[in-house]
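**Q** Need coordinates for the below:
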Amino acid sequence: MSDEGLIVNAGDIDYASIGEGYWSQMNVPVGVRATYYYSSYYDTGSLSKVIRKEEGIESYSLRLKELIDMVLASTGAGKVIIVAHSMGGLVSRNYLLLFGDEKVDRLILIATPNQGVIGGTEQFCSWLGDKRACEDMSSESVFMKRLENFVPSIPVHTIIGTGCNTWGEDGDEIVQTHSSELAYATNHYVAGRCNQLPAVFHSELLNPEKYPQVYDVLKEIIWGRQETFVEP
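**A** Purely as a prediction, here's the structure:
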């Protein structure tokens, strides 16, 4: 989105080391690609970081809060726009459930299993990712039932991949279409190309060269207002 006048960070940045209000001096919108997999701790007086991918969605939501607070302090903005992919959407929805939406202007979910995962995705999830998070994402989990009953008061948009056989139903090869849909959200649909191994449509939705329509939808949603956006 740098072509649209948006400053997007590249590479690894320790946001905690950026001075308060530093990015606000640029006087342009700022986009931040962040990860909730980093955990910080103090070791002999210095701040150290370690990658943790086995703590579940609740822990990731706490780290997302830290990231949002740091980004707001660095930009001087009052709110962020969250753009989240896959499980990151559940982390973001849980953040809103735990901490409210006072610091979030809009939420955009790309290929998120909003109704949980089933079939082969659930069966093989723990082989590829965080076992605790996979348990949380199960369609019958307590976590998903709790999230199901929460409706944010801010605008929510979903971008959903369609057209591929996903465990016997339509979807993006990982998440079924009906699982990504939310009754209270504005749902956007993008038809994809299937069986393009080693790539998977679910992940390729983030590739603007292959699916520029996703990029167009993002611009349509975001560009109405100059805010900071965070991509977990």
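**Q** Next, the distance between the ends of stretch 168-180.
**A** 16 Å (CA to CA, to the nearest Å).
**Q** Equivalent analysis for stretch 74-83, please.
**A** OK, stretch 74-83 end separation, CA to CA: 19 Å.
**Q** Would you indicate which residues of that stretch are buried?
**A** Residues of stretch 74-83 classed as buried under the neighbour-count rule (16 or more other CB atoms under 10 Å) are 74-75, 77, 79-83. For the C-beta atoms, the positions are set from N, CA and C on the backbone; glycine is no exception.
**Q** which strands and helices sit next to the biggest helix by length in the chain?
**A** If you go by DSSP state H, the chain has its longest helix at helix 56-75. On a contact count with 3 or more CB pairs under 8 Å, 6 or more residues apart in numbering; DSSP states H and E, helix 56-75 meets strand 30-33, strand 80-85, helix 87-99, helix 131-137, strand 228-231.
**Q** what's downstream of the third one, the next helix or strand?
**A** Tracing the chain C-terminally past helix 87-99 and defining elements by DSSP states H and E, one meets strand 104-110 next.
**Q** which secondary structure elements does that next one contact?
**A** So strand 104-110, by 3+ CB pairs under 8 Å, 6+ apart, packs with strand 80-85, helix 87-99, strand 156-162, helix 212-222.
**Q** Could I get those in JSON lines, plus columns for mean pLDDT?
**A** Formatted as JSON lines, these follow (pLDDT from 0 to 100):
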{"stretch": "strand 80-85", "mean pLDDT": "94"}
{"stretch": "helix 87-99", "mean pLDDT": "96"}
{"stretch": "strand 156-162", "mean pLDDT": "98"}
{"stretch": "helix 212-222", "mean pLDDT": "91"}
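**Q** any chance of the ones you listed in JSON lines, plus distance to Ile68?
**A** Output for these, formatted as JSON lines (distance: least, CB to CB, whole Å):
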{"stretch": "strand 80-85", "distance to Ile68": "6"}
{"stretch": "helix 87-99", "distance to Ile68": "8"}
{"stretch": "strand 156-162", "distance to Ile68": "16"}
{"stretch": "helix 212-222", "distance to Ile68": "16"}
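**Q** What ranges in the chain fall below the confidence cut-off?
**A** The chain contains residues with pLDDT under 70 at 1-30, 34-55, 120-129, 224-232.
**Q** quick one on the thing from earlier: export the helices and strands packed on helix 56-75 to TSV and tack on distance to Phe201?
**A** Listed next are the helices and strands packed on helix 56-75 as TSV, based on distance: least, CB to CB, whole Å:
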stretch	distance to Phe201
strand 30-33	21
strand 80-85	13
helix 87-99	16
helix 131-137	19
strand 228-231	19
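**Q** Of the ones you listed, which is nearest Thr177?
**A** helix 87-99 (14.6 Å; CB to CB).
**Q** Could you give the number of residues near the residue nearest to Gly116 when sequence neighbours are not counted?
**A** By the measure of CB to CB, 6 or more residues apart in numbering, the closest residue to Gly116 outside its immediate chain neighbours is Ser139, 3.0 Å from it. By other CB atoms under 10 Å, 15 other residues sit near Ser139.
**Q** now do Met137
**A** Met137 is flanked by 28 other residues according to other CB under 10 Å.
**Q** you'd agree it is up against Val117?
**A** Yes: in this structure, Met137 is within contact of Val117 by CB atoms under 8 Å, at 4.9 Å.
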